Structure formats: structure tokens, C-alpha cells
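Engineer: Quick one, structure for this:
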Amino acid sequence: MKTILYMAITANGYIARKNDETPWSKEEWGSFFSKVKEAKNIVLGRKTFEMMKSNGNLKEIGDPLVIVVSNKMKNNLDNPNYLFVNSPEQAIETLKEKGFNEVFIAGGAALNSSFMQKGLVDEIYLDIEPFVFGDGVKLFSENDFEANLELLSIKNLSKNVLQLHYRVIK
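Structural biologist: This next block holds a predicted model:
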């Protein structure tokens, strides 16, 4: 089971402004949506799920199976495409049971850190946008982990947006 972390970031490593706004380019969103459609699933933290649901992003990407890692939310039978689990391991196990070969992680910072801390991430895509934020949401929340990466590819999504694709060395 391959586990992929995919995030858009500023040049200085933020995934959102302090108010959670993400002013990313249409090229970045296009690349992100394409990857989600390929994976047919997306793993989110509670806050990221609530934002993507309320702004219509989940419908825009074709209503993939959404796994939300949260201790505060429980399954809602109104939408069988939204499943709630308590841990990164449970997210992976749920997707494995449903026949998926790939886990697509899309934030936020605490979720990203929890997967990294447990050594569960195999690949990382970082779409670097031409912004610098003085404050905001970092790619990873404060947590005790380290990882060595191998650069697999560099791709220009546009004149100003760069995509780095890494393998996590285990």
C-alpha cells in the first residue's frame, strides 16, 4: 500500500494563511484534483475536511472516498463516502479493506505530522507556490520526527509553480 502526502506550500513552507485561506493557482489545484481523481480517495484531518466540504472542493474532485482522521467526529450515515477514523493506521487499514492500493493524504499540519511521525508516508508531492507568508499554517505541526528524502522528479506546473516529488527513505 503506497501512502502519498500531497500539499501546496509557500516558498517558506506554509500550507495556508493564518486565517486558513489558500490562494493557490489554478495549475496547482488542477494537479491536486487530478491526483485525487487517480487515487479515488483522500485522507484529511477534521478541520481540512470541514473547509473542503463547505467550499465545494470535495464535489469538484468527484466525491472520492474521504477518510477523516479525528477523535471528535463520528460516521454520518447520510454520506457513505465520508468515513471517520481515529488514527493514521486505521485510515490505511480502512482503505486496504476497501481494495485501494494507494492512500492520498492532503492535510492539515497535524495530520501530516502524525503520518510522518509514525513512518507511514512513502512519497511526498510539494507544489511550491510563489508566495511567502509571515505567519500561517506550517506543512507540519510541531512534532518529533525526521525523514530523509530522495528527489524523484521536478516539474513546472506553470511559469511560477514548481512541483517536487520525493520518496521517503526508510
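
Engineer: thinking Val68 is in contact with Lys47, fair?
Structural biologist: No. Using Cβ atoms under 8 Å, Val68 is not in contact with Lys47; the gap is 9.8 Å. Heads up, the C-betas are built off the backbone N, CA and C, glycines and all.

Engineer: of these two, who's got more company?
Structural biologist: Val68 (23 against 18; other Cβ atoms under 10 Å).

Engineer: remind me which residues of this structure are low pLDDT?
Structural biologist: Scanning the chain for pLDDT under 70 picks out 74-78.

Engineer: tell me, what residue is most central in it?
Structural biologist: Closest to where the C-alpha atoms of the chain average out (Cα atoms, centre = their mean) is Ala106, at 1.1 Å.

Engineer: Can you name the residues that contact the closest residue to Glu142 other than its chain neighbours?
Structural biologist: In space, and not counting its chain neighbours, Glu142 is closest to Ser113: 7.8 Å by Cβ to Cβ, 6 or more residues apart in numbering. By Cβ atoms under 8 Å, 6 or more residues apart in numbering, Ser113 lies in contact with 140-143, 145.

Engineer: neighbours around Ala11, how many?
Structural biologist: Burial of Ala11 is recorded as 12 neighbouring residues (other Cβ under 10 Å).

Engineer: Go ahead and confirm it touches Val132.
Structural biologist: Yes. Using Cβ under 8 Å, Ala11 is in contact with Val132, at 5.4 Å.
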